[in-house]
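> Okay, structure incoming, though there's no sequence with it:
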Ligand code: SF4
């Protein structure tokens, strides 16, 4: 069933790239949820991940660097009946586009945001990003990076995201489950995916030895304190799964109280709209 969500475009990611797993998991999740392709919108940014919209048979928007969230937000607010999912790389999400993340989270816009976090700029041949480990040598840091990496899970929790999860591209079944839960969640759902870049930073073996599932340890994702404690865990053990989930009003829930209907059900007078500019 997940085949109906794919296209015949030749996939040009490097063989073994973690992007394949994210693409497969997303298609599986759509199939498991029984979503019609015409009801789904995928928005991607700039980077290797950005090609995902070419490989998905759903509505797609390949936008400019770091601007996935404003696009996804606008689409969802204009037509709340659509399922809107944004895809970004770690450079796209945490460098160029990081300014949009707190606002999407605090508005609790009902969208899903999936970050392909391979810890390098893969498309431009492996420069360091905000999640590159301290001291790592890359083409743009031949003596090693001088900066501490950010912790995306801790960051997402601190800005009030109502669904915060981490997946691993080496476990498609688990990632499918996370994407399904994120889409079903009413509100801003954030998933940081540990996505090895086999060409510039191949971390499959590293993660396989360390990742474990939060649900196997009975993690209570309704507790923000527990979520914060688990978010700080990194090293010999790396948790994946849902760190935090909370139910709260979405941006549209609050906005609709002022009786202002979404754009797609409002008649639009184009001539009136353009008049001030003529
Ligand atoms: Fe994937 Fe890295 Fe190749 Fe880009 S450069 S397609 S992230 S393996």
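Alright, I've got the coordinates. Everything numeric here is computed off the predicted structure, so don't read it as measured data.
> CA atoms for contacts and neighbours, from now on please.
Fine.
> how about the residues of the protein near the ligand?
Contact residues, the chain versus the ligand (C-alpha under 6 Å from any ligand atom): 13-14, 17, 48, 122-123, 197-200.
> can I get these in TSV with neighbour count, distance to residue 171 and secondary structure?
Listed next are the residues of the chain next to the ligand as TSV, based on neighbours: other C-alpha atoms under 10 Å; distance: C-alpha to C-alpha, whole Å; DSSP: H, G, I helix; E, B strand; the rest coil:
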residue	neighbour count	distance to residue 171	secondary structure
13	16	18	coil
14	13	18	coil
17	19	13	coil
48	21	20	helix
122	22	21	coil
123	14	23	coil
197	25	15	strand
198	16	16	coil
199	13	19	coil
200	18	20	coil
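> Which parts of the stretch 1-150 of the chain are strands?
40-44, 59-62, 83-89, 112-117, 120-121, 127-128 (DSSP state E, counting those that start in this stretch).
> my bad, the stretch 151-278 of the chain
Read by DSSP E, counting those that start in this stretch, the stretch 151-278 of the chain holds these strands, from start to end of the chain: 163-168, 189-194, 211-213, 238-245.
> Of the ones you listed, flag the one that's most buried.
Comparing those by mean neighbour count (mean count of other C-alpha atoms under 10 Å), strand 163-168 comes out on top with a mean of 28.
> Mind listing residues that contact that strand?
For strand 163-168, contacts defined as C-alpha atoms under 8 Å, 6 or more residues apart in numbering pick out 153, 156-157, 174-175, 178, 182, 185, 187-195, 239-246.
> cool, and stretch 235-251?
Stretch 235-251 is contacted from outside by 107-110, 157, 162-168, 174, 178, 186-188, 207, 210-215, 219-224, 227, 230-231, 233, using C-alpha under 8 Å, 6+ apart.
> For it, what is the distance to the chain centroid?
How far stretch 235-251 lies from its chain's middle: 13 Å, per C-alpha atoms, centre = their mean, to the nearest Å.
> what does stretch 17-34 give?
Here the centre of stretch 17-34 is set off from its chain's centre by 13 Å, with C-alpha atoms, centre = their mean.
> And it, what's buried?
The neighbour-count check on stretch 17-34 (16 or more other C-alpha atoms under 10 Å) flags 17-31 as buried.
> Need the contact partners of it.
Stretch 17-34 has contacts (C-alpha under 8 Å, 6+ apart) with 1-3, 5-6, 13, 49, 52, 56, 116, 169-173, 175-177, 179-180, 195-199.
> who are the neighbours in contact with residue 91?
47, 97, 119-121, 129-130.
> Let's have those in JSON lines, adding pLDDT and neighbour count.
Below are the contacts of residue 91 laid out as JSON lines (pLDDT from 0 to 100; neighbours: other C-alpha atoms under 10 Å):
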{"residue": "47", "pLDDT": "96", "neighbour count": "20"}
{"residue": "97", "pLDDT": "96", "neighbour count": "21"}
{"residue": "119", "pLDDT": "97", "neighbour count": "25"}
{"residue": "120", "pLDDT": "96", "neighbour count": "24"}
{"residue": "121", "pLDDT": "96", "neighbour count": "25"}
{"residue": "129", "pLDDT": "97", "neighbour count": "27"}
{"residue": "130", "pLDDT": "97", "neighbour count": "23"}
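> Which single one of these is nearest to residue 37?
Taking C-alpha to C-alpha as the measure, residue 47 is the one of these closest to residue 37, at 24.0 Å.
> That closest one reaches residue 92, doesn't it?
Yes - under the criterion of C-alpha atoms under 8 Å, residue 47 makes contact with residue 92 at 7.2 Å.
> ok, residue 96 - contacts?
Counting by C-alpha under 8 Å, 6+ apart, residue 96 makes contact with 65-66.
> just to revisit the earlier point, can you say which of the strands of the stretch 1-150 of the chain is packed in most?
Highest mean neighbour count among the strands of the stretch 1-150 of the chain (mean count of other C-alpha under 10 Å): strand 112-117, with a mean of 29.
> Distance check, the closest residue in space to residue 167 that isn't next to it in sequence against residue 153.
Nearest in space to residue 167, with sequence neighbours left out and distances taken as C-alpha to C-alpha, 6 or more residues apart in numbering, is residue 193 at 4.5 Å. To residue 153, residue 193 is 10 Å away according to C-alpha to C-alpha, to the nearest Å.
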